[in-house]
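A.B. asks: Pasting the sequence and the predicted model now:
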Amino acid sequence: MAKTTGRHHTRIAARAAAAALTAALVATGTSAVAADAPQPSLSASANQPATAPAAAAAAATPAFRLYGANSAGILYSYGANGKGGLTARAYSGKGWTGVSALMQVDHQNNGRSEGLWFREENGNMGYMEFDGTPVKIGYGWNIYSKIVSPGQIGGAAGGDMLAVDTKGDLYVYLGYGDGTITKRIKAGYGWNIYSAIAGNGDLNGDGKNDVVARDKSGVLWLYKGTGNQKAPFAKRTKIGSGWNQYDRLVSTGDINEDGKTDLIARKGGELYLYSGTGNASAPYKAKKLIGTSGWNAYKFLF
């Protein structure tokens, strides 16, 4: 099984080796209905959410640690260093092979993540609470080309998920606040024009979570959140061009501790920070180099 080492701030993720992780997921015995309706899979006696997620309170600005998983499945994490950059990496576990997506989720609106959503290469979707046990929340998720957890986007209390299928249709999964999620809600189409989607917090100061999307020509677009689960984003606005120079875009929230959501971009082995401004017309400041080399060692950054 997974090996866990220490805690950073108040918690650190529990890890699982691939075979044990798969066994734990299968052992729940819950049959999810493909990607259309993942079902809770904790246990028969667990409290099963039967109603819509509760309404959200005002959310804190996210300030997650940045995690990186290499091809060997070894996980490292980085925190904010108080100087606008990142701390030295800390070993955070191993066994994260056989997965095709990893993302953090905040269930409590406190700006800290409580666990990980992950997709296995076989299409199983799972959730693991930090220092907890993996549970299966669905299967058939290989129909999606992109899966992102941008925080609350549908007006409910827990963090939510966005998923784009191979046709370009956009779906919203609302979180119940315990790792389980609702049936999907179609929220758009044509999203297969984008090669990257990122977000974790509010970029324009209106209290709603936003995302950015990079199209295949390298133009970055802002989608301002509406809080409406059926139409979660307003019409896109252009941020800038030239973003194809980056092979990864990810947001963990506020890195430079100014209360605004930032964006991290990787170019080869280098890592750059785009500090948030809170202004929709120019949501980011000029880039700042925060990692000089070695960042291309990570298969996943989240």
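C.D. replies: All right, it came through fine. What you see is a predicted model; the values in this text were computed from it and never measured.
A.B. asks: shaky segments in this structure?
C.D. replies: Applying pLDDT under 70 to the chain flags residues 1-59, 156.
A.B. asks: mind running it again at 90?
C.D. replies: Scanning the chain for pLDDT under 90 picks out the ranges 1-60, 93, 108-109, 130-133, 154-158.
A.B. asks: Count the neighbours of I181 for me.
C.D. replies: Here the number of neighbours of I181 (other Cβ atoms under 10 Å) works out to 27. Every C-beta, even on glycine, is put in place using the N, C-alpha and C of the backbone.
A.B. asks: swap in V219?
C.D. replies: For V219, using other Cβ under 10 Å, the count is 18.
A.B. asks: Ok, S71 next?
C.D. replies: 11.
A.B. asks: And it, how far from F300?
C.D. replies: From S71 across to F300, the span is 10 Å (Cβ to Cβ, to the nearest Å).
A.B. asks: chain center to the helix or strand W117 falls within, what's the gap?
C.D. replies: Using DSSP states H and E, W117 sits in strand 115-120. Mean-position distance between strand 115-120 and its chain equals 9 Å (Cα atoms, centre = their mean, to the nearest Å).
A.B. asks: List the strands paired with that strand, with their directions.
C.D. replies: Here strand 115-120 has these sheet partners by DSSP bridges: strand 99-105 (antiparallel), strand 125-129 (antiparallel).
A.B. asks: in the helix or strand following the last one, what's buried?
C.D. replies: Using DSSP H and E, the next helix or strand after strand 125-129 towards the C-terminus is strand 135-138. When burial is assessed from 16 or more other Cβ atoms under 10 Å, strand 135-138 yields the following buried residues: V135, K136, I137, G138.
A.B. asks: which one among those gets closest to S195?
C.D. replies: G138 (25.0 Å; Cβ to Cβ).
A.B. asks: surely A196 meets D215?
C.D. replies: No - contact criterion Cβ atoms under 8 Å: A196 and D215 do not qualify, at 9.1 Å.
A.B. asks: between those two, which one's more packed in?
C.D. replies: A196 (20 against 17).
A.B. asks: contacts for the helix or strand hosting the more buried one?
C.D. replies: If you go by DSSP H and E, A196 is part of strand 194-198. Contacts of strand 194-198 with the rest of the structure, by Cβ atoms under 8 Å, 6 or more residues apart in numbering, involve 146, 148, 150, 162, 164, 191, 211-216, 244, 246, 248-251, 263.
A.B. asks: related to what we said a few turns ago, buried stuff in the strand holding W117?
C.D. replies: Neighbour-count burial for strand 115-120, with 16+ other Cβ under 10 Å as criterion, is recorded at G115, L116, W117, F118, R119, E120.
A.B. asks: Kindly indicate which of the residues you listed lies nearest L289.
C.D. replies: Taking Cβ to Cβ as the measure, L289 lies nearest L116 of the buried residues of strand 115-120, at 28.1 Å.
A.B. asks: Perfect, I'm done here.
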